[in-house]
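**Q** Can you look at this prediction? I've put the sequence above it.
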Amino acid sequence: MIKKVIVLLSVLSSLLFADIYALKPIKITDDISCVIGDINPPNKQNNGFVSNMCYVNMGNSLVVLDAGPTYIFAKEFHKLMKKEYPNKKISHVVLSNYHDDRIQGASYFKELGAKILGHKTINDDIKQNPSKFERMKAMLPKEIYQKTEVINADTLVGGGYKIKGSKKTLEIIKPSKVSEEKSDIAVYSKDDSFLFVGNMVFNGRLLSYKKTSNIDGWIEALENLAKIKAKYLLGGHGKNFDKDSYKASLEYLKILRNDVKKAYEEEIDIFEVKNHVKTNKFDYLKHFEQLNSANISTYYNQLEWE
């Protein structure tokens, strides 16, 4: 009987102290490891972990690419890093844009003394979109959301800014003025031939074109990133990270722009325009039906207000 109680207490203890997110890193290069988020929107099953994050060994420090959806996520992400690099401090956390799934763990890293770096427009994006930070607060259990807060970036940069380590240098790239969001940036490690491009590239699910997006700028951004010819290119969603992983996003945006604009110029009603947009070749992507319809309507409405 005593043995059974001891075993039960041991099991309960292990469950109590188990990691919530159970992060599993993939090794992209010797110095870059990433975790791949769930392909679905934030929900109680994935606890808001829906986007990709990475950490880079700079030699004398680590740099984190995006901070994750919650304080607890960031803490577990740090725990993962310490297994591989037990004695390295985190010098910077780079936020690829202002979305809740990417920035809400930043306060944890700030407590460690890391610089929180984002594009010079990111704090304005945070200020102007307070509703963006309500969904996880309302959806996630208090024990998972606890200590999570939205903080501003303390280091604001433009394209061309460089983070220098003893082993390598990371360059911040601003491939266009506005793509999916004003604050979108990419991070490039020439030494690893690796590009982290955040929400400018989606894999496995259709991209989301928002009221704040700019289709010409987004296409320009992807074409400029393609010119770098990196061996590895990881987007914000999906597990693909080969050199061609951006192509589906780029092709979809070009078809969306061409067909919606043509339908608009021909005065096709917004309720009929979907039948004139040839994006069905992407219907293998998750959430296609919902997102494709929304993308078409959003871009059509932008044309109405130009």
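**A** Looks like it came in fine.
**Q** Residue 153 contacts residue 118, doesn't it?
**A** Yes - between residue 153 and residue 118 there is a contact under C-beta atoms under 8 Å: 3.5 Å. In short, each C-beta sits where N, CA and C put it, glycine included.
**Q** mind listing the helices in this structure by residue range?
**A** 2-16, 71-84, 100-103, 106-111, 122-128, 135-139, 142-145, 215-226, 247-265, 288-305 (DSSP state H).
**Q** And residue 153 and residue 118? Which one has more around it.
**A** Set residue 153 next to residue 118 and count neighbours by other C-beta atoms under 10 Å: residue 118 wins out with 27 against 23.
**Q** hang on, the earlier thing: which neighbours do residue 153 and residue 118 share?
**A** residue 95 (C-beta atoms under 8 Å, 6 or more residues apart in numbering).
**Q** who touches the spatially most central residue of the chain in this structure?
**A** Residue closest to the mean C-alpha point of the chain, counted by C-alpha atoms, centre = their mean, is residue 236 at 3.6 Å. By C-beta under 8 Å, 6+ apart, the contact list for residue 236 reads 51-52, 66, 96, 102, 197-202.
**Q** In these, find the pair that's most separated.
**A** 66 and 202 (14.8 Å; C-beta to C-beta).
**Q** quick one, which of those two is more surrounded?
**A** Higher neighbour count among residue 66 and residue 202: residue 66, with 30 against 25, using other C-beta under 10 Å.
**Q** so the more buried one touches residue 50, yeah?
**A** No - contact criterion C-beta under 8 Å: residue 66 and residue 50 do not qualify, at 11.5 Å.
**Q** Pull up the gap between residue 72 and residue 110, please.
**A** Using C-beta to C-beta, to the nearest Å, one obtains 15 Å as the distance from residue 72 to residue 110.
**Q** Tell me which of those two has more neighbours.
**A** Neighbour count, other C-beta under 10 Å: between residue 72 and residue 110, residue 72 has more, with 23 against 18.
**Q** From residue 148, how far off is that one?
**A** 8 Å.
**Q** repeat for residue 94
**A** 19 Å.
**Q** Can you pick out the residue with more neighbours from the two?
**A** Set side by side, residue 94 and residue 148 show more neighbours around residue 94, with 29 against 24, by other C-beta under 10 Å.
**Q** how about the nearest residue to residue 299 once chain neighbours are set aside, what does it touch?
**A** Excluding the flanking residues, the one nearest residue 299 by C-beta to C-beta, 6 or more residues apart in numbering is residue 260, at 5.0 Å. Residue 260 is in contact with 273, 277, 296, 299-300, 303, counting by C-beta under 8 Å, 6+ apart.
**Q** Are any of the residues you listed buried, and if so which?
**A** Buried by 16 or more other C-beta atoms under 10 Å: 273, 277, 296, 299-300, out of those.
**Q** ok, so of those residues, who is nearest residue 139?
**A** residue 296 (27.3 Å).
**Q** Let me know whether that closest one touches residue 273 as I believe.
**A** Yes - contact criterion C-beta under 8 Å: residue 296 and residue 273 qualify, at 6.0 Å.
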